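Trainee: The sequence and its predicted three-dimensional model are supplied below.
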There are 4 protein chains.
Amino acid sequence: MKPTKELLAGILDEVRPLIGQGKVADYIPALAGISATKLGIAVCYNDGEIIQAGDTQERFSIQSISKVMSLTLAMSLYEPEEIWRRVGKEPSGHAFNSMIQLELENGIPRNPFINAGALVVSDLLHSRLAAPQYRMLELVRKLSCNPHLTYDKAVAASEMQHSDRNASIAYLMRSFGNFENEVMPVLTNYFSYCSLNMSCIDLARTFSYLANKGLPLGAKKTIISQTQSKQMNALLATCGLYDGAGEFAYRVGMPGKSGVGGGIVAIVPGEMSITVWSPELDPSGNSLAGTAALELLAERIGRSIF
Amino acid sequence: MKPTKELLAGILDEVRPLIGQGKVADYIPALAGISATKLGIAVCYNDGEIIQAGDTQERFSIQSISKVMSLTLAMSLYEPEEIWRRVGKEPSGHAFNSMIQLELENGIPRNPFINAGALVVSDLLHSRLAAPQYRMLELVRKLSCNPHLTYDKAVAASEMQHSDRNASIAYLMRSFGNFENEVMPVLTNYFSYCSLNMSCIDLARTFSYLANKGLPLGAKKTIISQTQSKQMNALLATCGLYDGAGEFAYRVGMPGKSGVGGGIVAIVPGEMSITVWSPELDPSGNSLAGTAALELLAERIGRSIF
Amino acid sequence: MKPTKELLAGILDEVRPLIGQGKVADYIPALAGISATKLGIAVCYNDGEIIQAGDTQERFSIQSISKVMSLTLAMSLYEPEEIWRRVGKEPSGHAFNSMIQLELENGIPRNPFINAGALVVSDLLHSRLAAPQYRMLELVRKLSCNPHLTYDKAVAASEMQHSDRNASIAYLMRSFGNFENEVMPVLTNYFSYCSLNMSCIDLARTFSYLANKGLPLGAKKTIISQTQSKQMNALLATCGLYDGAGEFAYRVGMPGKSGVGGGIVAIVPGEMSITVWSPELDPSGNSLAGTAALELLAERIGRSIF
Amino acid sequence: MKPTKELLAGILDEVRPLIGQGKVADYIPALAGISATKLGIAVCYNDGEIIQAGDTQERFSIQSISKVMSLTLAMSLYEPEEIWRRVGKEPSGHAFNSMIQLELENGIPRNPFINAGALVVSDLLHSRLAAPQYRMLELVRKLSCNPHLTYDKAVAASEMQHSDRNASIAYLMRSFGNFENEVMPVLTNYFSYCSLNMSCIDLARTFSYLANKGLPLGAKKTIISQTQSKQMNALLATCGLYDGAGEFAYRVGMPGKSGVGGGIVAIVPGEMSITVWSPELDPSGNSLAGTAALELLAERIGRSIF
């Protein structure tokens, strides 16, 4: 069954009481300042129809959701084996920024959605593109059908000021020969990608290609192949929600990706892409009310990949 | 598209050259003695139709595939929270018998499909059932529509002689208060479940309920609810293939569960359950040619949850 | 300078205010019941002279101090390489009962004074002695010049009831081939050794051989060679105080061994053996006031190996 | 008994056959180029008398031995608690450059002689000294009575080119708030200290203060107090030889510090400081023939702290 605006609004009402039980990310001031009561949900059908409720036009910091975009761009530039010999495809079983596994596994990150893996992907982009920041922005503007999207320079600068842990991760990989470029320029790009401000509607549109066999909204040509699109969804299903992927699959049953800005995108392959936004996070770092909203939506519309 | 016997036979021909590249499990003599050239695939449609090719009637040791059955039995006996406060739902990121995470996480296993988790499930069955071995056998005979299935006492006894690691795992959980019964009787039951000999056809029929919203083949009543069936598939998708779940999702795109006997079951929700058998394992402990056969099948019939 | 009874009594007065800042071991009732205000110190000169103050005649549970005796007995029975291929000589850097390192290092414990290492030593004794409990008791009675010492059966039985963690450690080593006998009988012996009740004076006399080149008090023959005596002191200095060996060396500057019963023995090679007793432990599991008393004693009499 | 030149030469003859069983450090070209057959031993009595044999006047890269000097300088500049709240005093039980423990223990290194700990000490010097490189050189020239000592700029530059792992360690500590300065300038200083070229005789003279209660050779005033000198020896005994401190204590029985250039310094408190040099290392990173020479010397002259 197709969700109506009323159904979406009802779901938001049901999950709103959860606000107060999570915790807004506060490791940089720019994120800490967001209002915890923001709440929105947008569904983008493969034909482009948008159904939405709540704060779906206000832009927020997409943070780790950008990891899907940078991997998509890398997949369009590299042969698969060039990527997958440098980063794995397995869930990590550790916190998103843990270095323990990375040391034990010789600098090969477990998957492209933990920090280490996303830094390798950024390093790949840096090696092959003259202007990776420009190309990423171009890609996201095209996918979202929104030419006004920009990086948030204040957020990126603030992240860079708190980048010691990520620098440590990058240098560790470099010591194992799994990082090709100078660390600081790659970090700068990485944080720019994370700093993108996008609305629920922007994001739902952007990720339509993963619900539509690689074909972006309004495009004539796939950005990645149908097979790659399935592979990306597989990676999202097993690794997309930090150390909460199993719980998300159990409760929601869709491939998804979260960011510490409180956004989550989820995919119903062949049908729709969905974005929720609620800034408070659960202990795994995923939007608490957002996950609950997706769980209700999956149940109400009878959609699950399982 | 629906697979024909010819398509299945063709897939087996394609993957047969892989035999020789894996390694038959040899930690107990009973498994080491199996012929490495065995190869079979069986598909069971939700209406009961079986399509198969190769060695699909010969029984083999199902080993860890039994972990799905014991969890199913536990789910039918316990409230969800009684189970999930004692075992997690997340991929482990470690080898199936690693104890490191178990110590760091206070004796709560990551998921029910690593050894520690399956031992907790066996402990749960032991606490509530007077004759857990009998009940398991009864369940599997019913699900498989095969009243002749039996435990392989020689295999179970051999496993028990090599049970030090599992005993260590159980005692560690007991030291954290997450194991209720005496260790040795629970281990005895656990190895009996693992020792079940079943054919590809037996297994494909047995797991039909996970493709059919909890309804076993030929049954009038679900064995677990539709929601529980989805949850089980979610757990299989994220945790069912040891430390190779991400790769399996990436290549095959179906929930699945493997055993060191070389069997793998996979589910296409709403449509069919599939079993492959080839004894040689890849480094993650999953059937090497079996995974390849499932990958080809998924591609040929255009089925994937992603 | 030689300590007088007054000097020792003065030291006890100085450290007595620390009582209340530590925590009596409470994992078994027999230990938890001890009075936290017990406090004693005894020095045994190599000529047999005893100088003491406080509760030095009351027996307490020696617990891990027994690990030195069992290693001494093993050193008298085995060639060095038979012991040291099964247990290391390095500090562990982990808690006394951690299994993480043991798994990563293939079942070879770091040293003979963590639980895993002491269990290997007990396994060695079990393999070579018909009646290891009897032989240990005989040894300790001889070393202490006290024929009345006995195992505390209630304490040993209570430990055995809380032995899951140690059973887990033993089974893990067994799975790596580093444990030869049945686990439970070895554990039974191990806990008997730990259950010995001895007074400060008993202990100071017992360890005189480590201050006297292997020669026990009143004996004509060394129990271990002079070289082995030095080696034992070296092991005590680097590994004898759980994860607090560095701090103990820094503050006290003597080889030593502690037990969770609150006893600590320390050695001034060539001169004297010392025992302190105060049941409250610091976070590393070493007697809090006892360590402070040894620190003061070392300073007052100007003794340190450094 | 006092060693003669002949005794020392005899020891070198005995250990020379071991050359070929170890491995010269090769992670930077400057170290890899050294002749593996270099072999020397020098003893400096507290009265300044030098007894020596072999290649004792040729300078080699002292590498990690510099960690004792930088800690000594820090101890002369800071209150103890200012140092010890930022770095521990316990053996690590891990390789010298492991980051696992550092992450689990919130960026506080286990001790000042693993890389992480020495970087914290360098950070401390950087915070308080205007010209830490100058002050270190001044200190070492004074201690060694050799005004010609200099940093080896080529070695320091080469280390800096291979500094990714140390940069990773420093950034990780910085992310935990345990690193105050910019990473790269501190690394530059750290590698300069390591690059010092000194002979066996230089080093034996330099470390005389640790054998003489803090009083350097020819000095009127202690550089650190007698208590601090004991504490330093205690740290060396438990943590001075990477992950081989226990074995070194067991075999040699003296506080010591090794460097990957193949040098080892050892202390007989109250009597003498000793330096050996042989470039080939054992698996723990300590000079293989050098350790053997110290073991023989300890035995022949009957000296051991145990």
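Mentor: Now that the structure is in, tell me what you want to look at.
Trainee: Without its sequence neighbours, what residue ends up closest to A:Lys89?
Mentor: B:Gly246 (4.1 Å; Cβ to Cβ, 6 or more residues apart in numbering or on different chains). Backbone N, C-alpha and C define where each C-beta goes, glycine included.
Trainee: residue contacts, that neighbour?
Mentor: A:88-91, A:111, A:234-235, A:238-239, B:91 (Cβ atoms under 8 Å, 6 or more residues apart in numbering or on different chains).
Trainee: okay, now A:Ile301: neighbour count?
Mentor: Counted with other Cβ atoms under 10 Å in any protein chain shown, the neighbours of A:Ile301 add up to 17.
Trainee: A:Ser158 too?
Mentor: The burial count for A:Ser158: 18, using other Cβ under 10 Å.
Trainee: got a list of what A:Leu235 touches?
Mentor: A:71, A:89, A:111-113, B:246, B:249-250.
Trainee: Please list only the buried members of the contacts of B:Gly246.
Mentor: A:88-91, A:111, A:234-235, A:238-239, B:91 (16 or more other Cβ atoms under 10 Å in any protein chain shown).
Trainee: Skip the chain neighbours and tell me the closest residue to the most centrally placed residue in chain A.
Mentor: A centroid search over chain A (Cα atoms, centre = their mean) returns A:Ile65, at 1.6 Å, as the residue closest to the centre. Nearest in space to A:Ile65, with sequence neighbours left out and distances taken as Cβ to Cβ, 6+ apart, is A:Gly259 at 4.3 Å.
Trainee: Quick one: name the residues of chain A near chain B.
Mentor: A:88-94, A:101, A:110-111, A:229-231, A:233-235, A:237-239, A:243-247, A:249-250, A:253, A:255, A:269, A:304-306 (Cβ under 8 Å from any Cβ of the partner chain).
Trainee: 6 Å - rerun?
Mentor: A:89-93, A:230-231, A:233-234, A:238, A:245-247, A:249-250, A:253, A:269, A:304-306 (Cβ under 6 Å from any Cβ of the partner chain).
Trainee: Mind checking which of those are in helices?
Mentor: Here DSSP state H is the test, and these give A:230-231, A:233-234, A:238, A:245-247, A:249-250 as lying in helices.
Trainee: okay if I get the contacts of B:Gly246 as JSON lines plus distance to D:Ser122 and pLDDT?
Mentor: As requested, the contacts of B:Gly246 are exported to JSON lines (distance: Cβ to Cβ, whole Å; pLDDT from 0 to 100):
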{"residue": "A:Gly88", "distance to D:Ser122": "35", "pLDDT": "97"}
{"residue": "A:Lys89", "distance to D:Ser122": "40", "pLDDT": "96"}
{"residue": "A:Glu90", "distance to D:Ser122": "37", "pLDDT": "95"}
{"residue": "A:Pro91", "distance to D:Ser122": "38", "pLDDT": "93"}
{"residue": "A:Asn111", "distance to D:Ser122": "35", "pLDDT": "96"}
{"residue": "A:Ala234", "distance to D:Ser122": "46", "pLDDT": "98"}
{"residue": "A:Leu235", "distance to D:Ser122": "41", "pLDDT": "98"}
{"residue": "A:Thr238", "distance to D:Ser122": "42", "pLDDT": "96"}
{"residue": "A:Cys239", "distance to D:Ser122": "38", "pLDDT": "96"}
{"residue": "B:Pro91", "distance to D:Ser122": "40", "pLDDT": "93"}
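Trainee: Quickly list what the closest residue in space to A:Ile50 that isn't next to it in sequence is bridged to.
Mentor: Excluding the flanking residues, the one nearest A:Ile50 by Cβ to Cβ, 6+ apart is A:Cys44, at 5.5 Å. In this structure, A:Cys44 bridges to A:Ile50, A:Ser273 when assessed by DSSP bridges.
Trainee: Could you list which residues are in contact with A:Cys44?
Mentor: Listed by Cβ atoms under 6 Å, 6 or more residues apart in numbering or on different chains, the contact set of A:Cys44 reads A:50, A:204-205, A:208, A:273.
Trainee: how near is the nearest residue to A:Tyr250 once chain neighbours are set aside to A:Ile305?
Mentor: Closest residue to A:Tyr250 apart from its sequence neighbours, by Cβ to Cβ, 6+ apart: B:Ala234 at 4.7 Å. In this view, B:Ala234 and A:Ile305 are 8 Å apart by Cβ to Cβ, to the nearest Å.
Trainee: shared neighbours, these two?
Mentor: Shared contacts of B:Ala234 and A:Ile305, counting by Cβ under 6 Å, 6+ apart, come down to A:Gly253.
Trainee: What are the boundaries of the strands in chain A?
Mentor: A:23-24, A:40-45, A:50-54, A:60-61, A:197-198, A:256-258, A:263-268, A:272-277, A:280-281 (DSSP state E).
Trainee: Smallest gap between chain A and chain B, at which residue?
Mentor: A:Gly93 (2.3 Å; Cβ to the nearest Cβ).
Trainee: In this structure that residue contacts B:Ser98, no?
Mentor: No: using Cβ atoms under 6 Å, A:Gly93 makes no contact with B:Ser98, being 9.7 Å away.
Trainee: How is chain A partitioned into domains?
Mentor: A:5-61+A:198-301, A:64-194 (automatic domain parsing).
Trainee: What about whichever residue of the stretch 51-200 of chain A sits closest to chain C, how many residues nearby?
Mentor: For the stretch 51-200 of chain A and chain C, the shortest gap (Cβ to the nearest Cβ) falls at A:Leu104, measuring 8.7 Å. Per other Cβ under 10 Å, the neighbour tally for A:Leu104 reads 13.
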